[in-house]
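A.B. asks: Predicted model, plus sequence, below.
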Amino acid sequence: VLFNYEKCIKLYLNEVFSNTICFKVLYHKDKICKIDFNGNKNLIKIIKNKIDSNPVIVYNDNIHIKDLKDICSYSIPIEKTHMDVSNVLNKDILFEYPENDFRDFLKIIYDASIDRNVKSIDITIYRIGNNDALADILINAKNNGIKVSVNIEVMASGEIINEAWKHKLDKNNVFVNVYAYNTFKIHAKMFLIKYKDGSYLSNIATGNYNINTSNQYTDFSLVTRSWTVAKTIDGLFNMINGGKLNFVTEDLLVTQYNARDEIMDLIKSESHSDGFIFIKCNSIDDKGIINALNKAAKKGCVIKLVVRGACKWIPKHPNVELRSYVWDKLEHSRIFIFGKFFPIIYLGSLDLLERKINKRIETMIKINDFNIKDKIMGYVDSYLNGSKYWLAFNSDIYERRY
């Protein structure tokens with residue numbers, strides 16, 4: 001398939017790729033690339049040419065779930081489990097979607113909306129779809145005398161409905177903010193509940209507060225009572241609403257502030273023969289981080305990558321493995337792990353894309369609870385030892401391993 005970006009990309013993506021395999025090529029405007037299937041759906045090669053020496057492989061997100069099932073030929077049955085959120089003020093809770101029911105997560109916010117001890121609720125909205133449950137809960141909280149502040153992303157791709165949510169919240173006297181300093185798109189998924197007794201409850205998630213996609217995407221959502229995390233999130237919401245952000249803790253990575261430096265330092269700390277780095281995200285293209293990972297691998301660090309979409313780093317070192325999982329759920333969780341023996345674990349909304357690091361507000365939270373750490377390590381182990389995935393080779397070939 002040979003095509004020109006401006007004239008043909010939509011035609012080919014819709015008519016060729018959706019019925020063939022869930023890959024497409026991204027590259028700079030007006031440049032030409034070729035995808036060669038060689039008549040084998042178990043093997044894909046990205047052919048570089050003189051014009052564009054670094055094409056990027058990504059999955060076609062426009063393929064429907066039913067199409068993915070046909071392409072990938074397997075699915076994993078999911079049984080919904082309910083989370084007991086009654087003790088959420090006393091312990092951290094990690095939701096895993098689609099295994100857990102999103103309505104249990106919503107119950108936490110609903111309980112806060114009717115709690116006389118709640119002083120305020122701050123939340124970001126990026127994609128919530130057409131379900132009105134969350135908006136109604138926030139309006140209910142406002143009607144109950146709770147201060148409610150919402151940052152809603154009206155420029156989220158394809159989310160025209162967010163204008164309607166903004167109008168509905170405005171109409172019901174809920175404070176709505178659109179941009180931080182009218183500059184940065186807020187892609188972070190977080191809330192903060194303040195109680196009159198001085199306690200806090202906060203949330204950092206890898207995915208949106210969307211009941212529909214919680215059934216279709218793999219995601220994590222951590223609800224924590226940590227005071228230090230809450231104070232940093234409080235400062236972040238203050239920044240979103242026009243104030244200044246003062247960091248309290250390294251337990252939260254925030255782009256524009258400390259995320260890049262902390263990630264680079266963590267990579268350097270594992271740049272030795274016993275080093276270990278695991279990264280699961282949607283995409284990677286940041287040159288500085290790629291260079292740091294490459295140096296770490298050359299110094300003996302074992303690096304395991306699970307990247308669903310675009311990855312500009314094709315591993316050329318035996319210490320690095322790049323996998324990609326495609327099944328009937330969209331891989332959406334982002335997890336960073338540094339270290340073999342006492343691993344430092346972060347999860348959140350950040351993909352290692354230059355535009356997201358430099359031009360968006362993203363958050364990653366450090367996992368300190370030992371039980372939750374164990375749960376995440378078990379989750380990661382299922383990917384590192386899974387038997388159904390695509391494996392990248394240093395010759396720009398992805399091979400199906402089923």
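C.D. replies: In hand now; what should we look at?
A.B. asks: Could you list the low-pLDDT ranges of the protein?
C.D. replies: Judged against pLDDT under 70, the low-scoring parts of the chain cover residues 1-77, 156, 158, 180-182, 394-396.
A.B. asks: any idea where the strands of the stretch 101-250 of the chain begin and end?
C.D. replies: Secondary structure of the stretch 101-250 of the chain by DSSP state E, counting those that start in this stretch: the strands cover 118-125, 147-152, 175-177, 185-186, 189-195, 200-205, 217-224.
A.B. asks: how far is the shortest one from where the chain is centred?
C.D. replies: Spelled out, it's strand 185-186. Computed by CA atoms, centre = their mean, to the nearest Å, the chain-centroid distance of strand 185-186 equals 14 Å.
A.B. asks: other SSEs contacting it?
C.D. replies: On a contact count with 3 or more CB pairs under 8 Å, 6 or more residues apart in numbering; DSSP states H and E, strand 185-186 meets strand 360-361. For glycine as for every other residue, the C-beta is placed from the backbone atoms N, C-alpha and C.
A.B. asks: export whichever helix or strand comes after the strand it packs on as CSV, just CAs?
C.D. replies: Once the chain leaves strand 360-361, the next helix or strand it forms, by DSSP states H and E, is strand 363-366. C-alpha atoms of strand 363-366 as CSV (Å, rounded to 0.1, in the frame of the first residue of the first chain):
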residue,chain,number,x,y,z
THR,A,363,0.2,13.3,36.2
MET,A,364,1.8,10.1,37.4
ILE,A,365,1.4,8.9,41.0
LYS,A,366,4.0,6.9,43.0
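A.B. asks: Pairing partners for strand 363-366, with directions?
C.D. replies: Strand 363-366 pairs in its sheet with strand 252-254 (antiparallel), strand 344-348 (antiparallel), by DSSP bridges.
A.B. asks: then the longest one to CSV, C-alphas only?
C.D. replies: Output of strand 344-348 as CSV, limited to C-alpha atoms (Å, rounded to 0.1, in the frame of the first residue of the first chain):
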residue,chain,number,x,y,z
ILE,A,344,9.6,2.4,42.2
ILE,A,345,6.2,2.3,40.5
TYR,A,346,4.3,5.1,38.9
LEU,A,347,0.9,5.1,37.1
GLY,A,348,-1.1,7.9,35.5
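A.B. asks: what angle sits between that strand and strand 189-195?
C.D. replies: Put simply, strand 344-348 runs at 100 degrees to strand 189-195, going by axes from the mean of the first three to the mean of the last three CA atoms, to 10 degrees.
A.B. asks: Please name the residues that touch residue 244.
C.D. replies: 235, 238 (CB atoms under 8 Å, 6 or more residues apart in numbering).
A.B. asks: Now do the phi/psi pair for it.
C.D. replies: With angles defined as degrees, to the nearest 10, residue 244 sits at phi -110, psi 150.
A.B. asks: Look up how far residue 142 lies from it.
C.D. replies: Distance of residue 244 to residue 142, computed by CB to CB, to the nearest Å: 26 Å.
A.B. asks: How about residue 281?
C.D. replies: Per CB to CB, residue 281 is found 35 Å from residue 142.
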